[in-house]
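Engineer: The following block contains a protein sequence and its predicted model.
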Amino acid sequence: MAIVISKDKKEAGLLNTVKEISGIDISSCLQCKKCTNGCPMISLAKVTPSEIIRRLQLSIGDSILNSDLIWMCASCEICFSRCPMHIDMSAVMDALRMISVKKNAAKQKGNIPLFNKWFLKTVRAFGRTYDLGMIAAYKAGTSSYFQDAEKVPVMLKKGKIALLPSLKADKKYIKRIFKIRK
C-alpha cells in the first residue's frame, strides 16, 4: 500500500492523541518488524502493526482509524514481548479504537465491535466476563441464535463456561477502572 505524506499539521494530532491516551511514546520504534512477525492476527489483516506505528510516526493520520487490525488485535502482547524498545502495541491499539469510536471512523466489517461492546458490559456489570450472558447478548445482536449452539452443552459439561456469573470481583475497583478509561 502506498503511503502518501502531506504537510498538513492537523495529522500530527493523531500521534499526540494516541500518546496522551496510551502513555506510549512510539518515536523510539526502530521498525525492526518483530511486532509484525509475532502477530497471530497478521494473516487476517491488511495492515501490519509496524505499518501502523510508521504511519503514526510520519503523521499520515486518520487512514489508520479505518484499519482492520485495530479491531482484530487480540491484545495478546506478543508484540510487546518481542519489541526491543518495549512499545506496548496493545495500548496503542486500544487508543486507536477509542479514537476511532469517538470520530465515527469506519468500523471493522463484521461483529468485532459488537463482541467488544458486550464483553466490556459484562465485565462492568460483574467484575469479570460472564461468558454465557455475553454470548447470549452477542447472539441476539447478530441474530445468529443457533450458530454453534451444539457446543454449549459440551462447554458447560467441561466447565469452560458457567451458568451463573461470578460475584467475587471487587465492584468498587472495577467501577474505578471504567471511570478512568472514559
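Structural biologist: Yep, that arrived. Not measured: the values here are computed from a predicted model.
Engineer: which stretches of the chain have low pLDDT?
Structural biologist: Within the chain, the stretches with pLDDT under 70 are 1-12, 61, 106-109, 180-182.
Engineer: And residue 143, how close does it get to residue 35?
Structural biologist: 36 Å (CB to CB, to the nearest Å). For every residue, glycine as well, the C-beta is placed using N, CA and C.
Engineer: Please verify my assumption that residue 53 contacts residue 93.
Structural biologist: No. If you go by CB atoms under 8 Å, residue 53 and residue 93 don't touch, sitting 10.6 Å apart.
Engineer: For the chain, which segments count as helices?
Structural biologist: For the chain, the helices defined by DSSP state H cover 12-22, 34-38, 49-57, 69-72, 78-82, 89-102, 112-126, 131-142, 151-157, 171-180.
Engineer: quick one: the third one to chain centroid distance?
Structural biologist: By that I understand helix 49-57. Mean C-alpha position of helix 49-57 versus that of the full chain (CA atoms, centre = their mean, to the nearest Å) differs by 16 Å.
Engineer: Okay, buried residues for that helix please.
Structural biologist: The neighbour-count check on helix 49-57 (16 or more other CB atoms under 10 Å) flags 49-56 as buried.
Engineer: In TSV, list the residues you listed along with distance to residue 120.
Structural biologist: Listed next are the buried residues of helix 49-57 as TSV, based on distance: CB to CB, whole Å:
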residue	distance to residue 120
49	23
50	28
51	27
52	22
53	25
54	29
55	27
56	25
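Engineer: Which residues are in contact with residue 135?
Structural biologist: By CB atoms under 8 Å, 6 or more residues apart in numbering, residue 135 lies in contact with 152, 161.
Engineer: Can you give the domain ranges for the protein?
Structural biologist: 11-102, 112-180 (automatic domain parsing).
Engineer: hey, which of these is tucked in deepest?
Structural biologist: Each of the domains of the chain was scored by mean neighbour count; the highest is domain 11-102, a mean of 18, by mean count of other CB atoms under 10 Å.
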